[in-house]
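Participant: Below: sequence and its predicted model.
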Amino acid sequence: MKLGAFSVSLSVKDLTISKAFYENLGFSVFAGQIEKNYLIMKNEDSLIGLFQGLFENNILTFNPGWDTNANKLEVFDDVRTIQKQLKNNNIKLETEADELTTGSASFVVMDPDGNAILIDQHV
């Protein structure tokens, strides 16, 4: 199963303070806009999403079809294929992608400890 680029999506209290903190750890802004309450920070192949007021808890995020530079991969497992495989393995999904569509879609699954995992395809 190819899940694509991995990032941690953090729910932050103050985006400006969090941005400065992660810049001190060597991260730089890769994408997003402070005006839209989110930034994607990058340090080499490590990605951290900073989100202010957009969701309550931290989320593990995978992006099928993207590498760590948000470049489209030629070969990847479609989000709906991943979803079907998890369902076949009796993994409960919190939300589901519409299996009748193509292209961008997402679903959420919770790990045994209640951590949300977002499988979010943008291609």
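Facilitator: Noted; the coordinates are in hand. Residues are numbered from 1 along each chain as shown.
Participant: Pretty sure Asp111 sits against Ile117.
Facilitator: Yes - if you go by CB atoms under 8 Å, Asp111 and Ile117 touch, sitting 6.2 Å apart. (C-beta placed from N, C-alpha, C; glycine too.)
Participant: between those two, what contacts are shared?
Facilitator: When contacts are counted by CB atoms under 8 Å, 6 or more residues apart in numbering, Asp111 and Ile117 are jointly contacted by Leu60.
Participant: Report the buried residues of stretch 31-49.
Facilitator: Buried positions in stretch 31-49, judged by neighbour count with 16 or more other CB atoms under 10 Å: Gly32, Tyr38, Leu39, Ile40, Met41, Lys42, Leu47, Ile48, Gly49.
Participant: Between those residues, which sits nearest Lys87?
Facilitator: Comparing the buried residues of stretch 31-49 against Lys87 with CB to CB places Gly49 closest, at 26.3 Å.
Participant: ok, that closest one - contacts?
Facilitator: Counting by CB under 8 Å, 6+ apart, Gly49 touches Ser7, Val8, Ser9, Leu10, Gly32, Tyr38, Leu39, Ile40, Met41, Thr61.
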